[in-house]
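Visitor: Starting from these lines, generate the structure:
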Amino acid sequence: MTSLKARLLFGMIGGMVVLLITFSFVIYHSISHALFNQFDASLESAARMLSASVEQDKEEIGFEFDVKMMPEFAGGKRSAYYEFWRNDGTSAGKSPSLGDKDLTQFKSISRSPAFKSFKMKGGQHVRAVAVRFIPRSEKDDSNTVNMQKSLILVVAKDAGGVLAQLRFLRYILSVASIGIIAVACIMAAAVVRRGLKPLNTIAMQIDSIKENNLKSRISGDNLPAEIMPIQRRLNSLLTRLEASFERERAFNADVAHELRTPLAGLRSTIDVTLTRLREASEYQAALSDCLSIVSGMHAMVDNLLMLARVEAGGMTFEREKVRIAELINLCWSPFSGKAIDSGIVFENHLSYDLICESGTAGLSMVFSNLLDNAAEYTNRGGKIQVTARQGQGGDEIVFENTGSQLTSRQAAEVFECFWRGDSSRRDTGVHCGLGLALVKRIVEALGGSIRAETQNGLFIVRLTLPHSN
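Guide: Residues are numbered from 1 along each chain as shown. As a prediction, this is how the structure comes out:
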């Protein structure tokens, strides 16, 4: 059952049915118990009166009054019956209303009265009470009393009236329950329909939101408190989707811009070369320029592909013990010559005992990009240094270089794709702005974190790697 409406309806109606059945059961049995208690009280009263007026003369049993004075025992539509039973199971006398029939015998009767319902011959429903007593004798001496034997008096009355009342009560309760359930179904359907209306309203608002109109938001007007969390989560999702679509559009525009400049350079070089016949050396120079441009484009495409693989989880790194200081020195080697020419000092303050369990290939790409970026943007005669400290979240490795002209806001954006501190993009074709974006994705894939900041002309990158096991 997947329908929320059906679940609510079945739940409400099912609960109502259970309550009605329980209520009807309690009412019926309470009234039935009260009616039978009243009926039993009248039976016991009649039995006590009869047993108190019984006299026994040898084997003969008689009453102190004429039994005809009690017409219900003489016979009729609503007859009453009595019968005396000896301890040996023989009848000692019975009412004229019984005729040739006998009342049922009660076994193991104590001094307390016992009650029973049964059918007589002919199908008449009766209820009976049995009491044990010792009849009085005309000769009231101790020797005679000791010789007397107790008798069991069974008094029965037609229970048809009580049973008819109970049948009528069952009918009333059944009809009332069916009616209440029918009304409850109608009311439950109306309440559930009205209660689910806000969900339909939200569904219509969601349907009206198109991919080119993600600025729209779901209104929270007249929504119940239980649905407000859904409305807030959906609006939060729309905000993230809008930001994602904006990044995608910006990414596409950046890719087009980054490819247009080198392609324009290629075309310009080829067009100029083809304007006239040239010497072989000139063709070689032109081809060399084209190769340089193509190499830069190829590097950008490789970075884009690697970035896509890392974000899609398609690139995995085999974890192993890595000596961080040794790996950083190895990654610095390709840039050391350029740094020396610019008078840049590189200092690696990491201990050679610092070992991290991570992916060597991934960390090599991370360190190489960070050091390349530092060597490129450090001022002449500046300084690059690497330090480390242990924290609760892992080992923090800090890369610092002088000559930073970025603001704090710009430093927080350096890991965005195609971001550059130079908004005019004068170095398009030299730097494509993917290196630090790739660094962040790889660090996150390795289970670490990275952030950048700027302080007093220092550009600082804080890289946190998990502790080794």
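
Visitor: what about the helices in the stretch 351-469 of the chain?
Guide: All helices of the stretch 351-469 of the chain, identified by DSSP state H, counting those that start in this stretch, fall at 360-377, 408-411, 435-445.

Visitor: To residue 168, which of these lies closest?
Guide: Each of those was scored for nearness to residue 168 using CB to CB, and the closest is helix 435-445 (78.3 Å). To be clear about C-beta, it is placed using only N, CA and C from the backbone, and glycine gets the same treatment.

Visitor: Which neighbouring elements make contact with that closest one?
Guide: Helix 435-445 sits against helix 280-311, helix 360-377, strand 449-455, with contacts defined as 3 or more CB pairs under 8 Å, 6 or more residues apart in numbering; DSSP states H and E.

Visitor: Buried deepest among those, which one?
Guide: With neighbours defined as mean count of other CB atoms under 10 Å, the helices and strands packed on helix 435-445 peak in mean count at helix 360-377, which reaches a mean of 20.

Visitor: Quick one: list the elements packing against that one.
Guide: strand 319-323, helix 324-341, strand 383-390, strand 395-402, helix 435-445, strand 458-465.

Visitor: ok so, going back, including mean pLDDT, could the helices and strands packed on helix 435-445 go into TSV?
Guide: Shown next, in TSV, are the helices and strands packed on helix 435-445 (pLDDT from 0 to 100):
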stretch	mean pLDDT
helix 280-311	81
helix 360-377	89
strand 449-455	91
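
Visitor: okay if I get these as a markdown table plus distance to residue 327?
Guide: Below are these laid out as a markdown table (distance: least, CB to CB, whole Å):
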| stretch | distance to residue 327 |
| --- | --- |
| helix 280-311 | 19 |
| helix 360-377 | 6 |
| strand 449-455 | 16 |
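
Visitor: State which helix of the chain is the longest.
Guide: helix 4-52 (DSSP state H).

Visitor: Remind me what that helix packs against, helices and strands.
Guide: Counting by 3+ CB pairs under 8 Å, 6+ apart, helix 4-52 packs on strand 80-85, strand 125-133, strand 151-158, helix 160-195.

Visitor: looking at these, which is closest to residue 375?
Guide: From the helices and strands packed on helix 4-52, taking CB to CB, the stretch that ends up closest is helix 160-195, at 65.6 Å.

Visitor: Could I get the average pLDDT for the helix or strand following the closest one?
Guide: Downstream of helix 160-195, the next assigned helix or strand under DSSP states H and E is helix 197-207. Averaging the model's pLDDT scores along helix 197-207 yields 84.

Visitor: Might you calculate how far helix 197-207 sits from the centre of the chain?
Guide: The chain centre lies 22 Å from the centre of helix 197-207; the measure is CA atoms, centre = their mean, to the nearest Å.

Visitor: And the contacts of it?
Guide: 4, 216, 218, 219, 222, 223, 224, 227, 230, 231, 234 (CB atoms under 8 Å, 6 or more residues apart in numbering).

Visitor: Among the residues you listed, which lie within helices?
Guide: Those of these lying in helices (DSSP H): 4, 230, 231, 234.

Visitor: ok, those vs residue 17, which is closest?
Guide: Comparing the ones in helices among the contacts of helix 197-207 against residue 17 with CB to CB places residue 4 closest, at 20.2 Å.

Visitor: how many other residues sit next to the closest one?
Guide: For residue 4, the count of nearby residues is 12 (other CB atoms under 10 Å).

Visitor: Over to residue 319?
Guide: Residue 319: 17 neighbours (other CB under 10 Å).

Visitor: contacting residues for it?
Guide: Taking CB under 8 Å, 6+ apart as the definition, contacts of residue 319 comprise 357, 358, 359.

Visitor: That one bridge partners, please.
Guide: residue 359 (DSSP bridges).

Visitor: May I see the domains of the protein written out as residue ranges?
Guide: What automatic domain parsing lists as the domains of the chain is 4-167, 228-309, 316-465.

Visitor: Looking at the ones you listed, which is nearest to residue 184?
Guide: domain 4-167 (4.7 Å).

Visitor: From the opening residue of the closest one to its closing one, how far?
Guide: 40 Å (CA to CA, to the nearest Å).

Visitor: any idea of the mean pLDDT for it?
Guide: Computed over domain 4-167, the mean pLDDT rounds to 81.

Visitor: distance between that domain and the chain's centre?
Guide: 60 Å.

Visitor: Kindly report the same for stretch 369-384.
Guide: Centroid separation for stretch 369-384 versus its chain: 52 Å, with CA atoms, centre = their mean.

Visitor: repeat for stretch 278-296
Guide: 65 Å.

Visitor: Offset the numbering so it begins at 694, please.
Guide: In the new numbering, first residue 694, that becomes stretch 971-989.

Visitor: Convert the C-alpha atoms of that stretch to PDB, please.
Guide: Only the C-alpha atoms of stretch 971-989 are listed here, as PDB (Å, rounded to 0.1, in the frame of the first residue of the first chain):
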ATOM      1  CA  ARG A 971      59.100  31.000 -46.600                       C
ATOM      2  CA  GLU A 972      62.400  29.500 -45.700                       C
ATOM      3  CA  ALA A 973      62.400  26.100 -43.900                       C
ATOM      4  CA  SER A 974      63.700  27.800 -40.700                       C
ATOM      5  CA  GLU A 975      60.600  30.100 -40.700                       C
ATOM      6  CA  TYR A 976      58.300  27.100 -41.100                       C
ATOM      7  CA  GLN A 977      60.100  25.300 -38.300                       C
ATOM      8  CA  ALA A 978      59.700  28.400 -36.000                       C
ATOM      9  CA  ALA A 979      56.000  28.600 -36.900                       C
ATOM     10  CA  LEU A 980      55.500  24.900 -36.200                       C
ATOM     11  CA  SER A 981      57.400  25.200 -33.000                       C
ATOM     12  CA  ASP A 982      55.000  28.000 -31.900                       C
ATOM     13  CA  CYS A 983      52.000  25.900 -32.900                       C
ATOM     14  CA  LEU A 984      53.400  22.900 -31.000                       C
ATOM     15  CA  SER A 985      53.800  25.000 -27.900                       C
ATOM     16  CA  ILE A 986      50.200  26.200 -28.100                       C
ATOM     17  CA  VAL A 987      48.900  22.700 -28.700                       C
ATOM     18  CA  SER A 988      50.900  21.400 -25.700                       C
ATOM     19  CA  GLY A 989      49.300  24.000 -23.500                       C
END
